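Novice: Need a 3D model of the sequence below.
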Amino acid sequence: MKILWMSRHAPLTSQEAELARLFGAEVRVEQDPRPFSSAEDIAVRYRDGGYDDLVVVAPLSVLARLVDLGLKPLWAEMTQVGRAEAEVTTPRRDGRTHYYRFDRFRRVKALRLEFEELQ
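Specialist: Prediction:
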């Protein structure tokens, strides 16, 4: 099994281990860190590369469009934790730092964005 990893960040060791647990030790995860222009761009890379599955780090609107295109990408669920438990450190523009730990993968089956007009 071959999985396309669409993110500028490489998968964490814990994420690779979870993919191996879910899909077998022979799973290959191939990162594509290049920027994408649209969900259609991601879909072309996925299909042209002959991938079996897809992990995408992208805005929700892009994930929704991927689902519209017939893809059901994997979502890496992260939880904000304290510094000691963190696998990922994210500095913020306001000077604060957030810390995250990978929890699990979930499959995106549908996504609905609902907006409200501002008066």
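Novice: Could you list every helix and strand in contact with the lengthiest strand in the chain?
Specialist: Ordering each strand of the chain by length in residues (DSSP state E) puts strand 97-107 first. If you count contacts as 3 or more CB pairs under 8 Å, 6 or more residues apart in numbering; DSSP states H and E, strand 97-107 packs onto helix 13-23, strand 74-80, strand 88-91. All C-beta atoms are positioned from the backbone trio N, CA, C, and that covers glycine.
Novice: Confirm Lys109 sits in a helix?
Specialist: No: secondary structure of Lys109 (DSSP: H, G, I helix; E, B strand; the rest coil): coil, not part of a helix.
Novice: isn't it right up against Lys72?
Specialist: Yes: the criterion here is CB atoms under 8 Å, and Lys109 meets it with Lys72 at 5.7 Å.
Novice: Need the CA coordinates for the lowest-mean-pLDDT helix or strand in the chain. PDB is fine.
Specialist: Least confident element among the helices and strands of the chain, by mean pLDDT, DSSP states H and E: strand 88-91 (a mean of 90). Only the C-alpha atoms of strand 88-91 are listed here, as PDB (Å, rounded to 0.1, in the frame of the first residue of the first chain):
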ATOM      1  CA  VAL A  88       5.100  19.200  17.700                       C
ATOM      2  CA  THR A  89       5.900  22.800  18.800                       C
ATOM      3  CA  THR A  90       4.200  25.600  17.100                       C
ATOM      4  CA  PRO A  91       5.300  29.200  17.800                       C
END
